[in-house]
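J.: turn this into a structure:
(2 chains)
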Amino acid sequence: MFRLSLRNVWARKGRLLLTALAIIAGTAFLSGVFVFSDTIKGSFDSLFTTAYSKTDAFVRSADKVESDFGDATRGRVPDSLVPTVRAVPGVASANGDVQGFALVTSASGTNLGNGNAPNFGGSFSPDSTTTPWAVVQGRAATNGTEVVLDKQSSDTGKVKIGDTVKITAKAGVQDFTVVGIAKFAGHDSSLGATWALFDLPTAQAFVAQDPGKVDAIVVGGDGSVSQTTLAQRIEAALGPDSKTETLTGQQITAENQSQIEKGLSFFKTVLSIFALISLAVGSFIIYNVFSISAAQRQRENALLRAIGASSGQVTRSMLAEALAVGIGGSLLGFVGGLGLATGITRLLDAIGLGLSDSSLTVKPNAFVYTMVAGIAVTLACGVAPALRAGKVPPLAALRDVSVDRSDISRSRLVVGFSFLVIAVLAIIGGLTGTTILLAIGVIALFVTLIALGPLFAGPFARLATPALTKVRGVVGAIAGRNASRNPKRVALTAGALGVGLALLVGVAALGSSIKSSIRETVGQQFLGQYTITGSGSTAGSEGVLPLTVAASVAKLPEVAGATGVGAAQVHIANAAGQNIGKLVALIDPVSAAKTINLTFVSGGWNDLTADALIVSKSKADAEHLVPGDVVQVGFLDGTTTQLTIRGVFDDKNAGVLSGNFIADRQLAATTGVDVFDAQIYIVRAPGVSDAQATAAIESVVKNFPSAKFQTREQFISSQTNQVDTLLNVIYALLAMSIFIAVLGIVITLLLSVYERRRELGLMRAIGTTRAQVRGSVRWEAVLTALIGTAMGVGLGIALGWIVVKALADQGLNSFTLPVQSIVVFAVVAVVLAVLAAWLPARRAAKADILAAIATT
Amino acid sequence: MTEQSTVTAAAGAVDAIKVYGTGDSEVRALDGITVSFEAGRFSAIMGPSGSGKSTLMHCLAGLDSLSSGAVFIGETYLASLNDKQLTELRRTNVGFIFQAYNLIPTLTAYENITLPLLLGGSKGDDEWIDRVITAVGLRDRLKHRPSELSGGQQQRVAVARALASKPTIIFADEPTGNLDSRAGAEILEFMRRAVREFGQTIVMVTHDPVAASYADRVIFLADGRIVDEMQQPTAERVLDRMKRFGE
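T.: Numbering: from 1, shown residues only, chains lettered A, B, ... in the order given. I've put the predicted structure just below:
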């Protein structure tokens, strides 16, 4: 019997390919995700291995603030410790190391780098035996006016030795002369980042603005002792009072690698979710193909039954066929995933985020997970059609080929409506109570869509037929009738598109609601006319403006107030010593009163004195903080301050200030913490014209290459543009699901055309032109797509509404219907359907008239 | 064939040769057939299996093409037509009645009847269609789908469809092959009435002597050639002639 199945698979190569296509597309995405994230991880692993390959010990501050993504921001250590370390027996070299933000601007005014990878500034000691950097041209920087650039940045930015460049760092903007070009462990760049390498004192003063301190002491051993012994000796020499910790070279490598892995695992999880969504969409198609093919083979299965095959044998043979197709499809899908991963890697290369070596990292897990998922989904989809095939009575062999046209069963209705009730109840419960109910509700909604799809698809097609007949005449009528002749089949095909579209519309609805919230709230809170935003990025923060920018703008007579908003990573502990926060926004309260309209529940900007802290209402409620409470704020350099809570602001509508704590920026000035402004909000002085104010502010801004001047409108748009960027990424990830759904339309239509080859031949015989036949198939596809669009848009709006309502306490004011996106999606769906119909329509038009009317 | 007969013929073939395969496997399905079917008459083509009668009909109707020779419908030689023109010719000048799979399952009886007209974008002659429907006795079945009709009713719909566009000629391929004798007799009677009352031209392929006896003229085919012809046939005479093929 198994051999029979295999022969069946082989004998129907065409149909086999169709089934396999859906599996291939679904599993390719999954395997692509695995291979791609493994490849990225591999690149970072090798980056860190190279960076620390000559490092035997690594001394750093024990003070740290850990972020939610597993990395930590640390304090610095005094460089006076370097001689102590150097004196430890077994140490060959020990150098202080500084690393921070530095944006290099060439003489022509271009900022180096691709805008995506970070811009680093750091120290480079030519006598160090541990540094991965090697100057390949020119020499190392030796004083406060010299800099060495990495090869890739200098090449792409067309900067040569002897050129003067402008560099923006924490201490401000300064001109430097390029004296050397360096390579990172033989590579032109380290994963696309830009590097400006200074001598240590310059890096300390300019990049860290913290003279006398270093981020770490990097130690190379003389080989006489193991890394562990060396680290122990150094730790002993420094003593516990130094508040340092010493890691071995291997430990620091492993730590960096595992941090990257943590960061990537989030990324991998998100991508996997989208891959699983496309596999789920693919499962609709796989199930549909198995059902249709089982129905078309009913006669053959009945014949097998008639000549003595048991019901179980027929079922098992169908399942074996599913298994074979599943294995084959998943294998091809895995290979497809390798192609996908290669494509994405190339794309990253093209936009300058190139991985140091672009060979793929293929791990056994990627293969195993892809195969298991692909085979499991295929088998699961094959079970019901196989059982149905087993139930075929032997007598069916004597009847004419019957088409799967069974009506909507009672159990389907029961299941469908039960899930609808569950969905509604869970969503009502979820919106008023626990969030987990919402997830259940949403899943139940999708099940309802699948179960009740035919109940919707049939009438939709029937109702659309008269309209279609009006437009396209008899061709439209035939298309409409064909679309409504098997509601279950059409519902599944349309449902696959519907699920993909529902997610698209849901995301679009959420996005448009967020955007209108941003517009409203930012519009309300921001009282001024202009902003300055920072460009460039460094690990952990986007938009880097030296604090001097805000100070310079505030001094302009044309400006009534300029408020820089920055943030610092700190420990905030309540009276009981528990950590209640890690981030504090730092702001100048005097100008903030003029530029930022915050709704205070208690207190106000006037109360934000140097020893005060303002807290958000949600945080105050959660941590039971009331004005007058004293909290302890610890900075990374070890300084701690007592602050009193003086005000509570309403954070229901997230606006220009994010985060839960606000403090006077004077607070950070006395510490060695890196503080940059991300934004500066500016109010024009009374009586000054727009042109005057703009000219004055731009005269300051032009001195700071990382600063970007924006009007109020531009700023608000750029805020919403960030949402658009995120939306586009999600749309791109969902595109695979839509692609699979469209593939489903192709497959279902091809099978239907095959099934109807007789009537198509008859149509041709009695005078239907090929164009008319093609038209009828095309309109059937359009109708299917419209059913899917209606399902998807309906469900998507519900989905978006639920999520927006659920996030109401996160600052989403109101639900906004993304009308424009919905129209675009619908038009795209119809266009894709027309494209999907191309091949089936061609096939249909080629229907063999003589074969159709043959009387055998 | 004389000049005169060409003028009055609804359709015909001249030196029609149809060859399938090449070399040893070559089969001459039509081996030089010249025939014409007069307008307003009911003709039958008979012959044993493999005699080429279906091939002849397919070629005459423009469903299949000849290897050499010519076929015409009305005054049109089919070889000069491309696929689109052939399709339009079938839609406007030819009616079909097949043995089975005659109707589009998704369309109602009425829609099936008017389908060739609708395909051509014309509304057709309502009065005529009404007359045809009355003649085949389907008035109370017009809204039914084919699956809701009996085999005989389905064939009557097919006859009505073939008549609806007033074609130059109707080709019927074993129209009673799937029917019991009573339903078959009904269909044949309709066909004969269509010829007598409406002046319709019908060519029917059959191997049933009783069916052939409804025709005005029977042409006998064997091995791709016309071997005999009979005017005003009766079932007995046709049967006798057919028996001789076995000899």
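
J.: wait, residue B:32 touches residue B:69, no?
T.: Yes. With contact defined as CB atoms under 8 Å, residue B:32 and residue B:69 form a contacting pair (7.4 Å). (C-beta placed from N, C-alpha, C; glycine too.)

J.: which secondary structure element of chain A has the lowest mean pLDDT?
T.: Among the helices and strands of chain A, strand A:541-542 carries the lowest confidence by mean pLDDT, DSSP states H and E, at a mean of 51.

J.: quick one: pLDDT of the residue of chain A found nearest chain B?
T.: Ranked by CB to the nearest CB, the top residue of chain A for proximity to chain B is residue A:767, at 2.4 Å. Residue A:767 is assigned 87 on the pLDDT scale.

J.: circling back: mind listing the shared neighbours of residue B:32 and residue B:69?
T.: Common neighbours of residue B:32 and residue B:69, using CB atoms under 8 Å, 6 or more residues apart in numbering or on different chains, are B:15, B:16, B:17.

J.: just the buried ones from these?
T.: Neighbour-count burial (16 or more other CB atoms under 10 Å in any protein chain shown) applied to the shared contacts of residue B:32 and residue B:69 gives B:16, B:17.

J.: among the shared contacts of residue B:32 and residue B:69, which ones are in strands?
T.: Per DSSP state E, strands hold the following members of those: B:15, B:16, B:17.

J.: right, and the first one touches residue B:30 too?
T.: No. With contact defined as CB under 8 Å, residue B:15 and residue B:30 do not form a contacting pair (9.6 Å).

J.: what is in contact with those two at once?
T.: With contacts defined as CB under 8 Å, 6+ apart, the residues shared by residue B:15 and residue B:30 are residue B:69.

J.: if we can go back for a sec, wait, a strand at the residue of chain A closest to chain B?
T.: No. Under DSSP: H, G, I helix; E, B strand; the rest coil, residue A:767 falls outside any strand and is assigned coil.

J.: give the contact list for the most centrally placed residue in chain B.
T.: What sits nearest the mean C-alpha location of chain B, by CA atoms, centre = their mean, is residue B:171, with 1.3 Å. Applying CB under 8 Å, 6+ apart to residue B:171 gives the contacts B:57, B:60, B:61, B:94, B:95, B:96, B:97, B:202, B:203, B:204, B:205.

J.: check which helix or strand covers the residue nearest to residue A:12 when sequence neighbours are not counted.
T.: In space, and not counting its chain neighbours, residue A:12 is closest to residue A:293: 7.7 Å by CB to CB, 6 or more residues apart in numbering or on different chains. Here residue A:293 sits within helix A:249-296, counting by DSSP states H and E.

J.: list the helices and strands that helix packs on?
T.: helix A:13-51, strand A:57-61, helix A:227-238, helix A:311-350, helix A:364-390, helix A:487-525, helix A:712-755 (3 or more CB pairs under 8 Å, 6 or more residues apart in numbering or on different chains; DSSP states H and E).

J.: gap between stretch B:173-191 and the chain center?
T.: Distance, stretch centre to chain centre, for stretch B:173-191: 13 Å (CA atoms, centre = their mean, to the nearest Å).

J.: that stretch close to chain A?
T.: Yes. Stretch B:173-191 is in contact with chain A by CB under 8 Å from any CB of the partner chain, via B:173, B:174, B:177.

J.: the second one: what's its closest spatial neighbour, skipping adjacent residues?
T.: With CB to CB, 6+ apart as the measure, residue B:99 is the residue that lies nearest to residue B:174, at 4.1 Å, once sequence neighbours are left out.

J.: any buried residues in the longest helix belonging to chain B, and which?
T.: Using DSSP state H, we find that the single longest helix of chain B is helix B:181-198. Buried residues in helix B:181-198, counted by 16+ other CB under 10 Å: B:183, B:184, B:185, B:186, B:187, B:188, B:190, B:191, B:192, B:194, B:195.

J.: neighbouring contacts of it?
T.: Under CB under 8 Å, 6+ apart, the answer for helix B:181-198 is B:40-42, B:97, B:135-136, B:150-152, B:155-156, B:159, B:163, B:170, B:172, B:175-176, B:179, B:200-202, B:204, B:208, B:210-211, B:214, B:216.

J.: let's go with 7 Å and repeat that
T.: Contacts with helix B:181-198, where a contact means CB atoms under 7 Å, 6 or more residues apart in numbering or on different chains, come from B:40-42, B:135-136, B:151-152, B:155-156, B:159, B:163, B:172, B:175-176, B:179, B:200, B:202, B:211, B:214.

J.: what's the distance between it and the middle of its chain?
T.: Centre to centre, stretch against its chain (CA atoms, centre = their mean), the figure for helix B:181-198 is 13 Å.

J.: just the CA trace of that helix, in PDB.
T.: Taking C-alpha atoms only, helix B:181-198 is exported to PDB below (Å, rounded to 0.1, in the frame of the first residue of the first chain):
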ATOM      1  CA  SER B 181     -36.000   4.400 -25.600                       C
ATOM      2  CA  ARG B 182     -39.000   6.500 -24.700                       C
ATOM      3  CA  ALA B 183     -37.000   9.600 -23.800                       C
ATOM      4  CA  GLY B 184     -34.900   8.900 -26.900                       C
ATOM      5  CA  ALA B 185     -37.900   8.700 -29.100                       C
ATOM      6  CA  GLU B 186     -39.100  12.100 -27.700                       C
ATOM      7  CA  ILE B 187     -35.800  13.800 -28.500                       C
ATOM      8  CA  LEU B 188     -35.700  12.400 -32.100                       C
ATOM      9  CA  GLU B 189     -39.300  13.500 -32.600                       C
ATOM     10  CA  PHE B 190     -38.300  17.000 -31.500                       C
ATOM     11  CA  MET B 191     -35.400  17.000 -33.900                       C
ATOM     12  CA  ARG B 192     -37.600  15.800 -36.800                       C
ATOM     13  CA  ARG B 193     -40.200  18.500 -36.000                       C
ATOM     14  CA  ALA B 194     -37.500  21.100 -35.900                       C
ATOM     15  CA  VAL B 195     -36.600  20.100 -39.500                       C
ATOM     16  CA  ARG B 196     -40.200  19.900 -40.700                       C
ATOM     17  CA  GLU B 197     -41.700  22.900 -38.900                       C
ATOM     18  CA  PHE B 198     -38.800  25.300 -38.600                       C
END
